[in-house]
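Participant: Give me a model of this one.
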Amino acid sequence: MTHSYRFISEHRATFGVARLCRVLEVRRPGFYEWLTAAPARAERAAQDDQLATEIAEVHTEHRGAYGRPRVTVELRRRGRRVNHKRVERIMRERGITGITRRRRRSLTKQDTAVAPAPAVIGRDFTADAPGERFVG
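Facilitator: Alright, predicted model coming up:
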C-alpha cells in the first residue's frame, strides 16, 4: 500500500491523483490520509534514531552482552518509557545483538567405563515380514 501511495505522490503532477488512484485501485481519501501523516512518520523515524543511539550506548557500555530484555530494563532505569517490542524492532533493524558469555553445560555425562551397545543388526534393515526387526 505504501508503495502505491509513494508512486502516486511522485507522479500526481503528471497524471493526477484521481486517475492514479483509479488505476492502482486505491482509495483517494486513503492517499490524502497517508500524505497528511508524513510529518508524524518523519517524527517517529527521528525518535527511533534517537532511541537507537541510546540502545547502542547501553549495548556498548555492557560490552555487547545485553540483549533486548536487559536493554529495555536499563532504558527504563534511566527514565525512558519504552516498549520491549520497539526495542526489539530497532535492535533487529540496526543489527544490534547481544552475545552469550556463558558456556553451555551438559547436564548428562556419558559413562566412559561402559562398553557401547553391540550392533546386533549390523546395519541390515531389511525384513522378510513386518514386525520382525525394530530399530530405535
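
Participant: Tell me which residues touch the nearest residue to Met1 once chain neighbours are set aside, please.
Facilitator: Taking CB to CB, 6 or more residues apart in numbering, and ignoring the residues beside it in sequence, Met1 has Val26 as its nearest neighbour in space, at 7.4 Å. From N, CA and C alone the C-beta is placed, and that goes for glycine too. Listed by CB atoms under 8 Å, 6 or more residues apart in numbering, the contact partners of Val26 are Met1, Ser4, Tyr5, Ile8, Leu20.

Participant: What pLDDT does the model give Val26?
Facilitator: Val26 carries a pLDDT value of 94.

Participant: From Asp49, how far off is it?
Facilitator: With distances taken as CB to CB, to the nearest Å, Val26 is found 29 Å from Asp49.

Participant: ok, now Arg101?
Facilitator: Counting by CB to CB, the gap between Arg101 and Asp49 amounts to 29 Å.

Participant: ok, those two, which is more surrounded?
Facilitator: Set side by side, Arg101 and Asp49 show unequal neighbour counts under other CB atoms under 10 Å, the larger going to Asp49 at 11 against 8.

Participant: roughly how far apart are the more buried one and Glu88?
Facilitator: If you measure Asp49 against Glu88 using CB to CB, the figure is 16 Å.

Participant: Could you do Ala45 as well?
Facilitator: 17 Å.

Participant: which residues in the chain form helices?
Facilitator: For the chain, applying DSSP state H gives helices covering 2-15, 17-24, 28-36, 38-61, 68-77, 84-94.

Participant: out of these, which comes closest to Arg105?
Facilitator: Of all the helices of the chain, it is helix 68-77 that lies closest to Arg105, at 21.2 Å by CB to CB.

Participant: what comes up buried for that closest one?
Facilitator: Of the residues in helix 68-77, those with enough neighbours to count as buried (16 or more other CB atoms under 10 Å) are Arg68, Val71, Thr72, Glu74, Leu75.

Participant: Also stretch 89-104?
Facilitator: Of the residues in stretch 89-104, those buried (16+ other CB under 10 Å) are Ile90, Met91, Ile96, Gly98.
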